[in-house]
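Undergrad: build me a model:
(one chain, ligands or ions: 1)
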Amino acid sequence: MSTLLEIRGIETGYGRIKILHDVTLDNASGNIGLFGPNGHGKTTLLRCVSGLLRAWHGEIRFDGQVITNLPPRRIVERGLIHVSQGNRLFPDLTIRETLRLGAFPRRARAQEAQNIERVAALFPKLRERWSQRVRTLSGGERQMVSIAVALMSEPRLLILDEPTLGLAPRIKDELCDAIKLISQAGVKLVVVEQDVEFLLDLADHLYLINHGEVAAEVRPGDSMNHEAIMEMYFGRQTSALT
Ligand SMILES: Nc1ncnc2c1ncn2[C@@H]1O[C@H](COP(=O)(O)OP(=O)(O)OP(=O)(O)O)[C@@H](O)[C@H]1O
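TA: Below is the predicted model:
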């Protein structure tokens, strides 16, 4: 598995408050899963990767090229797309209008019609509501639109920040299935998620972020199970390996 995203020695924060301390995701091949307690820096790391927050120190590479502190638009154009927590969408646009906004990178514009068909196949629920305004959608449907609009720009790497947060079990399962299909279609993923079962299913490389540091990691090939991950999470042991 190739390493699409490399993160080395990242330090950053807000104002004078340092949140991340020397975060390195070493040889993180395949899909990356991040988990850990609330408020310990997972979103901050994602924002730094996608250029929304300046790195104070360290280096981020995407497909071998340094992208540290590039403007977010330049990072998007390279194929790295960040779906933020809480699906920030324009409430008065319809689903179709929202999807068309996602096709703004030059390479995606020519493929707009095919990509609309592709996301419609992935999220049949959305196709039924093509002309419905975003503000009238359920939370789960909005999350689907958020991911669908990201797919319209043909990402090579998709960052998902707690995609299943607050969703009821049935719609959550639907969303998880769609995310797995996205991965099977060749899009690499970086996912922050509290549902460790889902992460174990999806991610090749898992990192526990605690107090702004990588507190533990699970590499591809390591044997791991839910119980061991939970112990790692709650501090009864430092390794998830069985
Ligand atoms: N814009 C901001 N300005 C100041 N402090 C911030 C800002 N955003 C986040 N923080 C602080 O940074 C710390 C890490 O927050 P972050 O959102 O990265 O954590 P997280 O691990 O993603 O948590 P959660 O799982 O709840 O999303 C928190 O103490 C938070 O209060």
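Undergrad: from now on I want contacts and neighbour counts done on CA atoms only, so please keep to that.
TA: Fine.
Undergrad: tell me which residues in the lengthiest helix in the chain are buried?
TA: When the chain is scanned for its longest helix (criterion: DSSP state H), the result is helix 169-184. Going by neighbour count (16 or more other CA atoms under 10 Å), the buried part of helix 169-184 is 171-172, 175-176, 178-180, 182-183.
Undergrad: can you name the residues in contact with that helix?
TA: Identification of contacts with helix 169-184 by CA atoms under 8 Å, 6 or more residues apart in numbering yields 122-123, 140, 144, 164, 189, 198, 202.
Undergrad: helices or strands up against the helix or strand following that helix?
TA: Using DSSP states H and E, the next helix or strand after helix 169-184 towards the C-terminus is strand 188-192. Other helices and strands packing on strand 188-192, by 3 or more CA pairs under 8 Å, 6 or more residues apart in numbering; DSSP states H and E, are strand 32-35, strand 157-161.
Undergrad: okay, those strands in TSV with mean pLDDT, distance to Met230 and mean neighbour count next?
TA: Shown next, in TSV, are these (pLDDT from 0 to 100; distance: least, CA to CA, whole Å; neighbours: other CA atoms under 10 Å):
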stretch	mean pLDDT	distance to Met230	mean neighbour count
strand 32-35	94	11	24
strand 157-161	96	20	23
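Undergrad: any chance of these in CSV, plus distance to Ile81?
TA: Output for the helices and strands packed on strand 188-192, formatted as CSV (distance: least, CA to CA, whole Å):
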stretch, distance to Ile81
strand 32-35, 14
strand 157-161, 5
